[in-house]
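Q: Here's a sequence, model it:
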Amino acid sequence: MVGPLGEPEKPLRFAPVDIDTVREKRGWFLAIGVALMVLGVLAGVLPFVDARVTAVVLGWLLVLAGVAEGCHALQSRGWAGVGSELVSALVQVAFGLLLVVFPTTGKLALMVIAVAYFAAEGALKLVRAYQHRGLRGSGWLVFDGVLTLALGTLIVTGGVTAAVKVLGVLVGVSLLTGGVSMILIALGAARVLHTRA
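A: Alright, predicted model coming up:
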């Protein structure tokens, strides 16, 4: 196939991550990792609060996490994972705003939205894991993606009422493992730098 300028079209692939870009921006990766872990812990304690308050606070935590990830993606433009991180940021902001705007939505609607969120996040994390397959700690990225998909499955199999009660914990676990993933990406890039020196 030939592209519009007479150049052959390349098949769609997920480019592997550029270690040098990650190494140069590893401070940002560490910062976003710590921020996601803090937000994850905060989300995890929410089930002990009133359901409406939980939905609103959880929504704002997700908006903050999405904005933080979006800023990180814009700071790391040369990174191969920037596209999946921008989409992930948009998914988090959208899910967070839905919780803020409709905190008293029906349990079934909340479950459907939550399952869609975890499915999208899990798939994006697996794409990121594939792009980082050459980095140390990339196995954790696969675990992060599979765990996020499993959290969505847990909502479906656990029933609507149970899902609403533990949604803060589930989102907290997802944010926490996402934060650990970012920290491991930074540490993996630092190790590559150390071995090259």
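
Q: surely residue 182 meets residue 27?
A: No: look at residue 182 against residue 27 with Cβ atoms under 8 Å: they stay out of range, at 11.4 Å. No exception for glycine: its C-beta is placed from N, CA and C like everyone else's.

Q: got any ranges where this protein has weak pLDDT?
A: Scanning the chain for pLDDT under 70 picks out the ranges 1-22, 47-51, 77-81, 106-107, 159-165, 189-197.

Q: Where do the helices of this structure begin and end?
A: 19-24, 26-44, 51-75, 82-101, 107-131, 138-158, 160-196 (DSSP state H).

Q: quick one on the thing from earlier: quick one: which of residue 182 and residue 27 has more around it?
A: More crowded of residue 182 and residue 27, by other Cβ atoms under 10 Å: residue 182, with 27 against 10.

Q: got a list of what that one touches?
A: By Cβ atoms under 8 Å, 6 or more residues apart in numbering, residue 182 lies in contact with 29, 30, 32, 33, 36, 72.

Q: Spatially nearest residue to the first one (excluding sequence neighbours)?
A: Distance criterion Cβ to Cβ, 6 or more residues apart in numbering; nearest residue to residue 29, sequence neighbours excluded, is residue 186 at 3.7 Å.

Q: That neighbour: neighbouring residues, count only.
A: Count around residue 186 with other Cβ under 10 Å applied: 23.

Q: how about it, what does it touch?
A: Contacts of residue 186 by Cβ under 8 Å, 6+ apart are 22, 26, 27, 29, 30, 33.

Q: Give me the neighbour count for the fifth one.
A: Pointing back at residue 30 there. The burial count for residue 30: 17, using other Cβ under 10 Å.

Q: go on, the fourth one?
A: When neighbours are counted by other Cβ under 10 Å, residue 29 registers 26.

Q: quick one: it from residue 108, how far?
A: Counting by Cβ to Cβ, to the nearest Å, the gap from residue 29 to residue 108 is 38 Å.
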